[in-house]
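K.L.:
Sharing a model that was predicted from the sequence below.
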Amino acid sequence: MGYPYVEKISESGQWQQGVSVIPSQPRAEVVQGALRRSVKCYDYWPPPLRWQFLRFQILGNTTFRSYWLYWLLHQLAAHRLEDRASGVMVFAKAGPLQRLACKAPEIPRCEGGSSVKLYLALDEVQEFVRAAEACNNDHWEIFSQHLYKPFRWLWDPWFATFGWCEPGSEQAREMVNSLELRQCTRQLQRFREEGAADIIKTTLREAESFCPPRANAGAFVLLGLGRTDGCVVPTDKGPALFLGIDTYPGRDRLSDLVAHEYNHVVRLGCPELVPERFGEGAGLFGGLTVGDLTVSEGLAVAFPLCLRGEKLTPYAVHDSGLMGRDVAEACLEQEERIQREIYAVWNEPLSKELMVRFFVDGPLRNGEAGGLPPKAGYYLGARLVQRLLEQGWTIRELTTAPTDRFREQDG
């Protein structure tokens with residue numbers, strides 16, 4: 001039997017891909033440590049392998065135990081736990097310069113009700129920052145080694161949808177090289193000290209009980225590269241909730257941010273709403289239209305407020321922390337114009353120009369929004385949701401409602 005995911009490093013430090021190596025006298029405690037580090041993906045393991053892992057706990061520290069651990073790692077690979085989601089790397093020193101690689105799985109489709117699985121790539125981010133600080137050259141290769149390649153299935157659509165460039169391109173390299181590494185370190189420390197992981201888990205649990213997801217999903221804490229504090233990435237395995245360490249907003253706003261993005265996960269995970277469009281290969285922005293995103297952002301604005309039991313007002317976008325009071329007031333003053341201009345392109349596929357015009361704030365706008373307030377699409381979406389809530393709809397019903405239902409009220 002081969003063990004395809006045991007890789008060997010040559011004396012020069014170069015990877016020898018596909019080398020199958022088992023040390024003649026493996027050290028059980030080292031291999032056990034390697035497996036324990038892979039417990040980050042334990043929730044993804046098939047039930048029979050979970051039972052085997054529990055069985056492993058009572059085995060003696062013997063050579064047989066070590067070989068059994070190699071067998072378990074091989075079984076994890078056989079269950080396709082090697083090709084998606086987290087790319088957790090597990091190290092062992094059972095032989096000279098050898099490395100075990102146990103990667104996390106596809107995002108699972110949960111039986112009897114879905115749940116969003118959380119993966120924290122804090123160690124990977126920290127390793128990237130440390131390596132980048134020691135290098136004065138282009139940081140892309142370091143980023144690629146520590147973060148891009150293990151999460152390539154997630155980064156490729158992220159760069160297309162939010163970076164507006166190809167991975168490895170000059171623009172992508174500029175985003176990576178412009179990261180303030182010391183700020184990333186401070187944000188990592190702040191994330192840990194504020195118990196952000198527990199806040200995320202609690203918010204996801206409350207959101208799921210309020211509005212369960214209908215498709216497989218995962219939540220990943222990585223780097224936002226200065227572009228996104230939170231977003232939902234259209235992957236070929238369904239929508240993935242993406243949070244950035246470098247753009248971490250702090251504990252006071254984190255819960256609303258997670259709830260906002262969670263609502264996107266639920267809506268964009270409904271195949272009847274975005275059939276064969278939202279996913280890898282679906283084009284820029286997952287194949288969504290201006291109307292799709294207007295409604296989706298409006299629902300996501302409303303969701304954390306509804307989760308807290310608050311009533312929506314015309315200032316909902318401000319209340320949910322997405323814009324200042326002055327911008328919300330400007331949107332209210334220009335509401336008729338905003339509605340007229342968005343309705344005129346309601347069914348058009350999203351483009352960079354339309355994103356900048358209706359859904360973006362900050363330096364990406366470059367003064368090219370035609371005089372509209374930033375994130376005007378968020379404002380209109382929230383207003384459309386507010387009107388339907390006032391008619392007796394619930395946020396749970398609206399989250400899975402067709403896009404055009406939100407325009408029917410206006411004739």
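P.N.:
Looks like it came in fine.
K.L.:
Could you list the low-pLDDT ranges of the chain?
P.N.:
For the chain, the stretches flagged by pLDDT under 70 are 1-114, 274-286, 362-370, 409-411.
K.L.:
you'd agree residue 225 is up against residue 164?
P.N.:
No. If you go by CB atoms under 8 Å, residue 225 and residue 164 don't touch, sitting 11.7 Å apart. For the C-beta atoms, the positions are set from N, CA and C on the backbone; glycine is no exception.
K.L.:
neighbour-wise, which of those two wins?
P.N.:
Legend: neighbour count by other CB atoms under 10 Å for residue 225 and residue 164, higher for residue 225 (22 against 16).
K.L.:
Let me see the contact set for the more buried one.
P.N.:
Neighbour list for residue 225: 163, 175, 176, 179, 244, 246 [criterion: CB atoms under 8 Å, 6 or more residues apart in numbering].
K.L.:
Now, of those, which are buried?
P.N.:
163, 175, 176, 179, 244, 246 (16 or more other CB atoms under 10 Å).
K.L.:
Can you flag which of these belong to strands?
P.N.:
Secondary structure from DSSP state E places residue 244 of the buried ones among the contacts of residue 225 in strands.
K.L.:
how deep is residue 226 tucked in, by neighbour count?
P.N.:
17.
K.L.:
typo on my end, residue 351
P.N.:
So residue 351, with other CB under 10 Å, has 13 neighbours.
K.L.:
That one and residue 322, how far apart?
P.N.:
From residue 351 across to residue 322, the span is 22 Å (CB to CB, to the nearest Å).
K.L.:
Tell me the bridge partners for the residue nearest to residue 268 when sequence neighbours are not counted.
P.N.:
Nearest residue to residue 268, sequence neighbours excluded (CB to CB, 6 or more residues apart in numbering): residue 239, at 4.3 Å. Bridge pairing for residue 239 (DSSP bridges) gives the partners residue 234.
K.L.:
Correct me if wrong: residue 239 contacts residue 219.
P.N.:
No. Contact criterion CB under 8 Å: residue 239 and residue 219 do not qualify, at 10.4 Å.
K.L.:
Give me the buried stretch members for stretch 315-327, please.
P.N.:
315, 316, 317, 318, 319, 320, 322, 323, 327.
K.L.:
does residue 128 count as helix, strand or coil?
P.N.:
Put simply, residue 128 is helix when judged by DSSP: H, G, I helix; E, B strand; the rest coil.
K.L.:
before we move on, the earlier item: please identify which of residue 239 and residue 219 sits among more neighbours.
P.N.:
Per other CB under 10 Å, whichever of residue 239 and residue 219 has more neighbours is residue 239, with 29 against 24.
K.L.:
how far away is that one from residue 331?
P.N.:
Taking CB to CB, one finds residue 239 at 27 Å from residue 331.
K.L.:
what do you get for residue 344?
P.N.:
17 Å.
K.L.:
Which one's more surrounded, those two?
P.N.:
Set side by side, residue 344 and residue 331 give different neighbour counts by other CB under 10 Å, the larger being at residue 331 (26 against 10).
K.L.:
Go ahead and confirm that one touches residue 377.
P.N.:
No. If you go by CB under 8 Å, residue 331 and residue 377 don't touch, sitting 10.0 Å apart.
K.L.:
For residue 251, list the residues it contacts.
P.N.:
194, 195, 196, 199.
K.L.:
Then residue 184?
P.N.:
125, 129, 223, 245, 246 are the contacts of residue 184 under CB under 8 Å, 6+ apart.
K.L.:
mind running it again at 6 Å?
P.N.:
Contacts for residue 184 (CB atoms under 6 Å, 6 or more residues apart in numbering) come out as 129, 246.
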